[in-house]
Each structure stands twice: as C-alpha cells, then as structure tokens.
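> prediction below, plus the sequence it came from.
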Amino acid sequence: MVTALEPLELLERARHAEVDDVEGVRAFVASWTDGAVGDAQMAALCMAICINGITAEATRALCDSMVASGDRLQLERFAPTGDKHSTGGVGDAVTLITVPLAAALGVRMAKMSGRGLGHTGGTLDKLSAIPGMRVDLELVDFVRQLRDVGVAVMGTSTRMVPADKRLYRLRDQTGTVESPALIATSIMSKKIAGGAANIALDVKVGTGAFFPDVAAAREAAEIMVSLGAAWGRDVRYVISDMDQPLGRMVGNALEVRGAAEVLRGGGAEDLGDLSVRMAALLAESAGVVPAGEGEAAAAHALENGDALRMAERWVEAQGGDPRVWTDDDVLPRAPAAISVPAPAGGMVHGLDAREIGEAARWLGAGRLHPAQFIDPAVGVEIHAKIGDGVSEGETVATLHVRDAALADRAMQLVRGAYRIVDAPVDPPTLIHESSEGDG
C-alpha cells in the first residue's frame with residue numbers, strides 16, 4: 001500500500017521538484033475540500049506546479065479529485081452526446097453556432113458554460129443578452145431538455161466540481177492561472193462531470209488568449225486529451241488564432257448578432273469557418289458522419305437551415321425569443337454609435353485582440369470587478385481586420401456605447417490596437433493545428 005505524503009511534506013518536495021506523488025495529491029485535495037488544509041497551502045501547491053511542473057500521473061490524480069468533489073452526470077442513455085469548450089477569446093461566439101449546428105447533425109449537445117473572465121467574453125453573458133433566455137437551469141431540467149430538444153446550455157452547477165470553482169478563484173488571486181496543467185485540469189474536471197462522451201476543444205493562442213504560443217497551447221491540449229481518455233471520453237481539439245478578434249463583433253448582444261448572421265448563411269468568414277470545424281470534430285467523434293466528411297455535413301446544415309431551426313428550438317426551450325436569430329431588432333441596442341477613424345492609410349498589419357477586449361470591457365460589456373453589472377448592448381464592431389486596406393480617417397471600428405463618458409478611453413484602446421503600415425500583408429492563419437482523434 002502506498003502511503004501518501006503529508007501536506008507539508010508534499011509542499012516541501014514540490015518546492016524543489018516536479019509534483020509527482022499521486023496519492024499525496026489525492027490526499028491533499030481531499031483535505032483541502034474538507035477544510036483540514038487551508039487556502040494558503042493550496043495556493044503554495046499551485047505556485048509550485050506553475051514553477052516546477054507536475055507529472056502526467058499526478059495531473060490525472062488532481063483532475064480525478066476535482067471530479068470527485070461533487071456530482072457527475074450520467075448521459076450514456078442519450079448517446080451520442082457532445083460538449084464544446086473554448087479557452088477564452090475576444091469576439092468568440094463559436095459556441096452559439098457550433099452547439100445548434102452539431103445538434104442539427106445528430107449530436108445531443110450538453111454544455112455548461114461560464115461568465116466572462118478578464119478581457120475575454122463568456123457564453124452565459126452572451127446568452128443573457130437574448131430577451132427571456134434562462135441560463136440558470138436545474139440539473140433535472142437540463143437533462144430533460146437535452147432529451148427532448150437535443151441541446152441544452154446552462155451555467156455551471158454548484159453541485160458539480162465545486163472544488164474547481166473554489167480553486168479557480170484562488171488561482172486568480174495568486175497569479176497561478178496560466179499553467180497548462182492547471183488550466184487543463186480545470187477544464188476537463190468540468191467536462192468529465194458534465195457527462196458528454198465527445199468533447200471538442202478550441203484552444204486559443206495569441207495576444208488575446210491565455211496561451212502565448214502554439215507550443216504551450218498544444219501542451220495543454222494534449223494533457224486534456226489524456227485526461228479525457230482516462231474517463232473514456234473522445235477529446236479532439238483545434239489550436240486557433242487569437243492575435244486579432246474572431247469575427248467582427250465584440251460585446252454580448254453584438255456577438256449574438258454576429259452568430260445569427262452565420263446561422264443565416266452569411267456573417268464573418270473566420271467565425272463561420274471555425275464553428276464548422278468544431279461541429280465537424282464533434283460529428284465525426286460521435287460517429288454521426290464518416291471521418292473526413294464532417295465539415296461538408298456541417299456546411300450543408302448551415303446552408304439548408306437545419307442549424308438555424310435547431311437554434312430557434314434551443315432558445316425557445318430556455319425561455320428566449322427565437323426570433324433573435326432572424327430579427328436583429330429583438331436584441332438590445334446601445335443608444336449611441338461612435339466611429340473610430342484610421343490614424344493613417346495603408347494595410348492593417350496588426351489588430352491587438354486584448355486591447356479590443358479591454359475596450360469592450362471598459363464600455364461595460366465585461367467585468368472590471370466580480371460584482372459588476374454587464375451591459376448587454378455595448379461593445380465594439382470591427383470593420384477592418386488584418387490584411388484589409390484602409391484610408392486615413394476611414395472608419396475602422398464602431399463603438400456601441402451607453403455612457404459617453406467612457407467612450408474616450410475605449411477610443412484610445414481601439415485606435416491603439418491597430419497597426420497600419422504602407423506595405424502588403426497576408427491575413428493570419430485561423431487554425432494552426434487540429435487533432436483528428438482516434439475514432
């Protein structure tokens with residue numbers, strides 16, 4: 001029988017080397033959730049993991065312990081089931097498209113989502129911009145809707161993986177968020193508890209993402225694949241670009257509008273392309289379409305209106321106005337629109353996603369503090385992206401504002417996000433890598 005290290009012994013070893021004691025990690029997390037180990041000790045363990053790393057076996061033990069801290073849904077009787085997750089981006093409305101699109105292809109989509117974090121948007125905030133939309137479903141209603149409609153999206157339940165919510169708050173306060181292993185464990189503990197058998201991950205990389213380069217994103221993605229496989233989950237991923245915002249809308253109602261344009265067969269090309277790729281991963285993983293045919297099937301479901309009809313059923317089932325996908329006037333609008341002029345003529349060589357996200361947050365689309373009210377109507381609409389040519393003074397973006405006093409700072413952020421040079425440039429690669437899974 002393996003004897004677990006005592007909490008202080010584990011911390012002392014972790015201070016000098018990679019965390020590798022599997023039983024020690026299990027005991028440590030159990031003691032922390034029971035109150036015998038304090039937050040200071042857990043914060044010290046997270047810092048040691050950030051600095052010295054953690055083995056694959058200990059990472060799995062950490063994930064399993066997080067899952068064991070609460071309830072876990074059993075969705076096998078609804079197969080095939082799917083879930084989708086993004087590591088966070090700016091203008092990232094992919095969930096709003098991928099979820100009904102994959103459901104239209106025959107994958108029952110069971111997704112638990114979160115609010116915005118920092119400069120990145122949150123799916124729940126976007127859905128809350130839809131009049132009447134309920135995101136605080138009880139678990140029994142969530143499962144019933146999954147059965148009857150084929151898609152259900154809700155906020156994370158306090159009964160599922162409560163340790164993760166507590167740990168994330170602690171990591172946010174102690175500067176230990178950006179560890180590939182800790183990020184992977186946080187994401188996969190929730191995905192495993194959520195019960196879906198097929199999981200598609202959109203791992204963002206770039207200035208507007210938590211991962212600075214493809215290597216770090218790939219490391220986290222492969223950890224998540226491994227964690228999922230241990231629970232019998234088929235996890236597939238894309239590593240997508242976040243050096244500039246995705247699509248052309250940043251802000252909650254604005255992003256719903258951008259998603260609606262794609263569901264109607266138009267919209268921003270990059271937003272549509274990534275949404276189709278994510279739905280294809282899910283459809284192929286679930287076996288509802290043959291390998292290699294997922295993108296064609298997903299594109300067809302957009303063209304023939306199947307995805308749009310599923311989106312309407314989904315929103316109506318959760319109390320929202322289904323006209324949101326076909327009538328832009330259903331969504332809230334900010335009272336004022338202010339043009340952002342190009343500071344010079346030339347080609348857009350850079351469009352800092354983080355700065356655009358910060359501008360939208362400043363206007364009220366995100367939170368500057370945890371208790372802040374989210375204004376669903378405000379945000380930034382982008383007219384020129386990397387690779388586009390502009391003239392000096394031409395409108396490159398529009399600020400949708402409620403409080404004119406906030407516009408000056410947002411204007412500075414958006415103008416500062418643009419780098420315009422009198423030289424040609426190619427648009428950035430949207431998808432850097434994509435896994436194919438083992439199905």
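Done, it's in. Numbering: from 1, shown residues only.

> OK, contacts around the residue nearest the centre of the chain?
Residue closest to the mean C-alpha point of the chain, counted by C-alpha atoms, centre = their mean, is residue 86 at 2.8 Å. Neighbour list for residue 86: 92, 94, 95, 201, 202, 204 [criterion: C-beta atoms under 8 Å, 6 or more residues apart in numbering]. Yep, even glycine has a C-beta here, placed from its N, CA and C like the rest.

> list the buried residues in the helix or strand bottoming out on mean pLDDT in the chain.
Scoring the helices and strands of the chain by mean pLDDT, DSSP states H and E places helix 162-174 at the bottom, with a mean of 84. For helix 162-174, burial by neighbour count (16 or more other C-beta atoms under 10 Å) applies to 162, 163, 164, 165, 166, 167, 168, 170, 171, 174.

> so which elements touch it?
helix 22-34, helix 39-52, helix 56-67, helix 180-194 (3 or more C-beta pairs under 8 Å, 6 or more residues apart in numbering; DSSP states H and E).

> then the longest one to PDB, C-alphas only?
The one in question is helix 180-194. What follows is helix 180-194 as a C-alpha-only set of coordinates in PDB (Å, rounded to 0.1, in the frame of the first residue of the first chain):
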ATOM      1  CA  PRO A 180      -1.100  24.400 -18.900                       C
ATOM      2  CA  ALA A 181      -1.600  21.600 -16.400                       C
ATOM      3  CA  LEU A 182      -3.800  23.600 -14.100                       C
ATOM      4  CA  ILE A 183      -5.800  25.000 -17.000                       C
ATOM      5  CA  ALA A 184      -6.300  21.500 -18.400                       C
ATOM      6  CA  THR A 185      -7.400  20.100 -15.100                       C
ATOM      7  CA  SER A 186      -9.900  22.900 -14.500                       C
ATOM      8  CA  ILE A 187     -11.400  22.500 -17.900                       C
ATOM      9  CA  MET A 188     -11.500  18.700 -18.000                       C
ATOM     10  CA  SER A 189     -12.800  18.200 -14.500                       C
ATOM     11  CA  LYS A 190     -16.000  20.100 -15.600                       C
ATOM     12  CA  LYS A 191     -16.200  18.400 -18.900                       C
ATOM     13  CA  ILE A 192     -15.900  14.900 -17.300                       C
ATOM     14  CA  ALA A 193     -18.500  15.800 -14.700                       C
ATOM     15  CA  GLY A 194     -20.800  17.100 -17.400                       C
END
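
> next, count neighbours for residue 364.
By other C-beta atoms under 10 Å, the residues close to residue 364 number 24.

> got a markdown table for the contacts of residue 86, with neighbour count too?
What follows is these, written out as a markdown table (neighbours: other C-beta atoms under 10 Å):
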| residue | neighbour count |
| --- | --- |
| 92 | 30 |
| 94 | 30 |
| 95 | 24 |
| 201 | 27 |
| 202 | 27 |
| 204 | 24 |
